[in-house]
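[1] coords below, sequence missing:
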């Protein structure tokens, strides 16, 4: 979310769409791993600790770079390229709660979908999940991009630092849980 907001400020409302493309690409890999039977690995204490430490460290580092960066809020230059897709991949893959969610709650939703309608049910669960992600992130991106000229441009440095602080706190929380 922090990445989507930060990039939407710089690159416009389409950012949410591209971030979710990257997010969905990682989810496809996770779904394939779940189908291959690696749920036990994804819920093991060693895996959860390693992902918490690595992901928390990644988030803390990203918070630092966000804090040190200078935003050039040029509303005329909204070319996204593949940066937002790569950001969606990175922030999903290094999110410490992501694999654990799919190995627990996500897997449960898939099983319920399969119990109700077989493979079609599981595919509907995934499609519904992606539609919700897409709708939410594009909405956040659009509101952020549309409000940047009126509100955000004046407070860009403060907003950047608040987003960096939130990301740092989340990262430190995951590092702490990895050591706990």
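    Arrived safely, thanks for sending. Note that the coordinates shown come from a computational prediction; the quantities given were computed from them, not determined experimentally.
[2] Where in the chain is the helix or strand with the lowest mean pLDDT?
    helix 39-42 (a mean of 68; mean pLDDT, DSSP states H and E).
[3] what ranges of the protein fall below the confidence cut-off?
    Where the chain drops to pLDDT under 70, the residues are 39, 42-43, 71-82, 104, 149-153.
[4] Give me the distance from the lengthiest helix in it to the chain's centre.
    If you go by DSSP state H, the chain has its longest helix at helix 107-147. How far helix 107-147 lies from its chain's middle: 14 Å, per CA atoms, centre = their mean, to the nearest Å.
[5] ok, now stretch 30-46?
    With CA atoms, centre = their mean as the basis, stretch 30-46 stands 19 Å off its chain's centre.
[6] And that stretch, end to end?
    Terminal residues of stretch 30-46 lie 18 Å apart, using CA to CA, to the nearest Å.
[7] which residues are in contact with it?
    With CB atoms under 8 Å, 6 or more residues apart in numbering as the test, stretch 30-46 has contacts from 47, 98-100, 102-104, 106-107, 110, 126. (C-beta placed from N, C-alpha, C; glycine too.)
[8] one more time with 7 Å
    With contacts defined as CB atoms under 7 Å, 6 or more residues apart in numbering, stretch 30-46 is touched by 47, 99-100, 102-104, 107, 126.
[9] now swap in stretch 57-68 and tell me
    For stretch 57-68, contacts defined as CB under 7 Å, 6+ apart pick out 6, 94, 160-161, 163-164, 167-168, 170-172, 174-175.
[10] do stretch 138-155 as well
    1, 4-5, 8-9, 12-13, 15-17, 73, 75, 159.
[11] At which residues are the helices of this structure located?
    Under DSSP H, the chain gives helices at 2-11, 15-35, 39-42, 45-68, 83-93, 97-101, 107-147, 156-179.
[12] Would you format these as TSV with mean neighbour count included?
    As requested, these are arranged in TSV below (neighbours: other CB atoms under 10 Å):
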stretch	mean neighbour count
helix 2-11	22
helix 15-35	19
helix 39-42	14
helix 45-68	17
helix 83-93	20
helix 97-101	18
helix 107-147	15
helix 156-179	17
